[in-house]
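[1] 3D model of this:
(one chain, ligands or ions: 2)
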Amino acid sequence: MQVSVKKSDKEKLILEGFVTIIAGPCAIESWEQLDTIAGIVKKSGLNFLRGGAFKPRTSPYSFQGLEHQGLELLNEVGRKYGLKTVTEVTEAETVEETAKYVDVLQIGTRNMSNFALLKKVGKVAHEQNKTVILKRGWASTIKEWLLAVEYISSAGDVEIVLCERGIRTFEPYTRFTLDLSAVPVIKKLSKLPIIIDPSHAVGQSDLVIPMSRAAIAVGADGLIVEIHNEPEKALCDGQQSLDEKQTKEMLHQVEYIAKFFGKMIR
Ligand code: PEP
Ligand code: MN
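    Ligands and ions are numbered 1, 2, ... in the order given. As a prediction, the model looks like this:
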């Protein structure tokens, strides 16, 4: 029988008194790309590097990710820079393998109601001391989202962090509609931490900074943001990725708002 290892507070994604910012590319493309971006993340004083290895794309003709090789790159680059790593799991069959390489398992919007996946992730996260980020389904209510959490937590104690990433509305100008009211609602209904993904919500890099500011102002515990060293060449979601200069500006503005709440960014 496997015995679970409890996370010390320092290893957690969400810490009291801090705003946690996860940054990195939508998809891991190569060693050079990930190494450069991780360098930016490290230089910015952040601790968590995101990167997709298994990419759930709306079109089957779009880049699907480097899969296993992507996990290896994320692990190597994360260790090189001393960054904790975050990646999405899309299938129950790959959860165990993925957990060997990363610190945080992300469940994407398309899988919020994939209950077999949620249960598997909960079990593996509990046994292997991993954090889970559960994104809100783009057509799911807050109540459905909170019930999905219980599929994960049914396996035992796990750090679970909710992520609002935009929902479908009639408004086509932005990719989705960022439901910032979900933050105070979640705070009212539960004790769970909640972060915001402004990148997938708005779908355009120039809108990411204002929504990042707003997310922290409304009380979010952190952000997960797509950044890229060369957004125009990105294989996935370059249009919404911040370049190095924009990343610096975003962090500067977010830090200012975090201070209002007596919080530091990490
Ligand atoms: C992602 O974060 O890489 C992603 C695909 O996000 P979402 O599940 O919110 O679309
Ligand atoms: Mn993306």
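[2] I'd say Ala155 and Lys119 touch.
    Yes. Look at Ala155 against Lys119 with CB atoms under 8 Å: they come within range, at 6.9 Å. C-betas here are computed from N, CA, C, even on glycine.
[3] so what's the closest residue to ligand 1 within the stretch 1-150 of the chain closest to, chain neighbours aside?
    At 2.9 Å from ligand 1, Gly108 is the closest residue in the stretch 1-150 of the chain, using CB to the nearest ligand atom. Of all residues not flanking Gly108 in the chain, Glu88 sits nearest, at 5.0 Å (CB to CB, 6 or more residues apart in numbering).
[4] Partner strands of the longest strand seen in the chain and their direction?
    When the chain is parsed with DSSP state E, its longest strand is strand 18-24. Its sheet considered, strand 18-24 pairs with strand 48-50 (parallel), strand 222-226 (parallel), strand 264-265 (parallel) by DSSP bridges.
[5] The residue nearest to Gly108 and Leu134, how far apart?
    Applying CB to CB, to the nearest Å, the value for Glu88 to Leu134 is 11 Å.
[6] what do these two both touch?
    By the contact definition CB atoms under 8 Å, 6 or more residues apart in numbering, Glu88 and Leu134 are jointly contacted by Ile107.
[7] Geometrically speaking, which residue is the centre of this structure?
    Central residue of the chain (CA atoms, centre = their mean): Ile224, 4.5 Å from the mean position.
[8] That one is in contact with Ile194, isn't it?
    No. Counting by CB under 8 Å, Ile224 does not reach Ile194; the two are 11.3 Å apart.
[9] any shared contact partners between these two?
    Applying CB under 8 Å, 6+ apart, one finds that Ile224 and Ile194 are jointly contacted by Cys163.
[10] In terms of pLDDT, where does the nearest residue to Asn111 once chain neighbours are set aside sit?
    Setting aside the residues directly before and after it, Asn111 is nearest to Leu117 in space (CB to CB, 6+ apart), at 5.4 Å. pLDDT, Leu117: 98.
[11] I'd like the numbering to begin with 28 instead of 1 from here.
    Let's use 28 as the start, then, which means that last one is Leu144.
[12] what's near enough to touch Leu144?
    So Leu144 contacts 116-119, 122, 134, 138 (CB under 8 Å, 6+ apart).
[13] circling back to that earlier point, dump the strands paired with strand 45-51 into JSON lines; add distance to Gly265 as well.
    Formatted as JSON lines, the strands paired with strand 45-51 follow (distance: least, CB to CB, whole Å):
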{"stretch": "strand 75-77", "distance to Gly265": "15"}
{"stretch": "strand 249-253", "distance to Gly265": "9"}
{"stretch": "strand 291-292", "distance to Gly265": "25"}
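[14] okay if I get those strands as CSV plus distance to Glu43 and mean pLDDT?
    Shown next, in CSV, are the strands paired with strand 45-51 (distance: least, CB to CB, whole Å; pLDDT from 0 to 100):
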stretch, distance to Glu43, mean pLDDT
strand 75-77, 17, 98
strand 249-253, 12, 99
strand 291-292, 11, 98
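[15] Out of the ones you listed, the one nearest ligand 2 is which?
    strand 249-253 (5.5 Å; CB to the ion).
[16] and the closest one, how far from the chain's centre?
    6 Å (CA atoms, centre = their mean, to the nearest Å).
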